[in-house]
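# just coords:
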């Protein structure tokens with residue numbers, strides 16, 4: 001699956017359904033920065049390929065994460081940046097869409113080497129980022145420590161403090177206390193609204209047990225019965241429910257959920273097709289396709305992963321009456337809390353945990369209701385409705401700027 005093609009497919013469909021007429025302006029990014037930069041490692045001086053994409057900035061400075069992964073490609077980063085355009089516009093955030101990546105396997109490097117790589121990448125893109133130009137954040141295999149290195153390196157270059165240039169930082173450096181659970185918590189608020197509309201069994205299956213998967217499991221534990229969980233090595237199924245705290249300990253000590261005792265071993269593919277009320281894909285893209293969509297029994301799908309469902313699968317699920325809460329809505333808690341962190345940095349007074357959670361809930365619930373309204377208006381799925389809202393807002397901003 002080409003992620004950019006998938007993103008453009010939905011964009012074009014939304015553009016046509018609502019006669020927005022903005023597809024031609026958004027089929028390519030505004031700017032793609034490709035770098036090949038040096039960093040000192042135990043092997044001496046190594047060179048790394050990096051990308052920073054600023055897809056559209058009509059609504060504000062570009063905003064989106066930076067990932068460290070050996071599989072990073074320009075097309076992937078462009079797709080992720082386009083999703084950020086949609087996500088930020090949908091949530092009503094004053095940001096355009098951006099994304100970055102470095103082609104590196106972080107598991108092969110020590111902490112000091114990753115610091116050098118992070119600083120080297122920032123040096124290579126410094127002229128293109130800034131708290132009012134482009135604001136990076138953590139993503140796959142990057143964290144608050146990496147963000148601290150990046151902010152510090154940027155400050156050395158510009159010769160002044162710039163807390164707002166990066167979000168997802170340590171709290172002591174202007175970070176937000178809700179950041180680590182932001183994606184999960186945002187999804188939780190959306191799910192709570194969805195179950196008011198669609199009564200389902202309280203059983204849950206979660207594919208992926210990283211930060212987002214663990215976060216949503218802890219939030220749902222007690223309120224729902226989590227019967228299946230998986231990670232990259234496989235999954236487990238317990239019809240009577242899983243002890244989430246115990247599972248987190250097992251994952252931490254052994255590296256995988258499959259070492260949890262007393263449950264049936266299942267594959268990631270089998271987890272998707274379990275007879276549960278709620279399915280939560282929280283791992284990788286492209287796992288729900290036209291090949292398996294008809295076998296999915298869940299009544300609600302909460303997409304915490306980016307792009308877990310193909311467009312063909314979307315249509316099958318919609319016909320079946322499955323409520324898909326799309327990634328651009330369901331996992332937007334991360335960027336929303338990034339926005340709250342950025343505002344706190346800009347005003348010189350960070351938001352506390354209570355304030356952040358209240359603002360996040362307000363944003364997520366409001367966005368959900370907006371999407372629901374458009375979905376009902378056009379009799380379309382929630383993903384298409386999300387894109388329509390976002391594209392209309394981007395178009396309005398571009399028109400006022402005289403760009404179209």
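That came through, no problem. Just so it is clear, the structure is predicted and the values come from calculations on it, not from any experiment.
# all contacts plus neighbour counts: C-alpha atoms, from now on.
OK.
# how near is residue 320 to residue 193?
20 Å (C-alpha to C-alpha, to the nearest Å).
# got the buried residues for the strand of greatest length in the chain?
Assignment by DSSP state E gives strand 44-56 as the longest strand of the chain. Residues of strand 44-56 classed as buried: 47, 48, 49, 50, 51, 52, 53, 54, 55, 56 (neighbour count, 16 or more other C-alpha atoms under 10 Å).
# host element of the closest residue to the first one other than its chain neighbours?
For residue 47, ignoring the flanking residues on the chain, the nearest one in space by C-alpha to C-alpha, 6 or more residues apart in numbering is residue 38 at 4.3 Å. Counting by DSSP states H and E, the secondary-structure element that holds residue 38 is strand 31-41.
# what does residue 334 give?
Element membership of residue 334 [criterion: DSSP H and E] is helix 333-347.
# helix or strand right after that helix?
Helix 333-347 is succeeded, C-terminally, by helix 353-378 (DSSP H and E).
# what helices or strands is that following helix leaning on?
Packing partners of helix 353-378 (3 or more C-alpha pairs under 8 Å, 6 or more residues apart in numbering; DSSP states H and E): helix 182-197, helix 327-330, helix 333-347, helix 382-400.
# make it 6 Å
Here helix 353-378 touches helix 382-400, going by 3 or more C-alpha pairs under 6 Å, 6 or more residues apart in numbering; DSSP states H and E.
# chain center to the helix it packs on, what's the gap?
Averaging C-alpha positions (C-alpha atoms, centre = their mean, to the nearest Å) puts helix 382-400 19 Å from its chain's average.
# one step back: pairing partners for the longest strand of the chain, with directions?
If you go by DSSP bridges, strand 44-56 pairs up with strand 31-41 (antiparallel), strand 96-103 (antiparallel).
# pretty sure residue 70 contacts residue 103?
Yes - assessed by C-alpha atoms under 6 Å, residue 70 is found in contact with residue 103 at 4.8 Å.
# which one of these two has more residues nearby?
Neighbours were counted for residue 70 and for residue 103 using other C-alpha atoms under 10 Å; residue 103 has more, 17 against 13.
# show me the contacts for the more buried one.
Residue 103 makes contact with 49, 69, 70, 72 under the criterion C-alpha atoms under 6 Å, 6 or more residues apart in numbering.
# before we move on, back to that, state the mean pLDDT of the strand holding residue 38.
When pLDDT is averaged along strand 31-41, the result is 97.
# please enumerate the strands of the stretch 201-350 of the chain.
Taking DSSP state E, counting those that start in this stretch as the test, the strands found in the stretch 201-350 of the chain are 203-207, 225-231, 234-237, 264-266, 278-281, 300-302, 323-325.
# list the contacts of residue 211.
By C-alpha under 6 Å, 6+ apart, residue 211 lies in contact with nothing.
# how close does it sit to residue 285?
For residue 211 relative to residue 285 (C-alpha to C-alpha), the value is 16 Å.
# residue 28 now?
In terms of C-alpha to C-alpha, residue 28 sits 21 Å off from residue 285.
# now swap in residue 48 and tell me
Taken as C-alpha to C-alpha, the span from residue 48 to residue 285 is 25 Å.
# per-residue pLDDT, the residue nearest to residue 218 when sequence neighbours are not counted?
Leaving aside its chain neighbours, residue 218 sits nearest to residue 244 (6.8 Å; criterion: C-alpha to C-alpha, 6+ apart). Residue 244 carries a pLDDT value of 92.
# and what of the one 4 residues further on?
Looking at residue 248, its pLDDT stands at 92.
# so who does it touch?
By C-alpha under 6 Å, 6+ apart, residue 248 lies in contact with nothing.
# any idea how far it lies from residue 302?
Separation of residue 248 from residue 302 (C-alpha to C-alpha) stands at 21 Å.
# just residue 163 next, same as before
Here residue 163 is placed at a distance of 33 Å from residue 302 (C-alpha to C-alpha).
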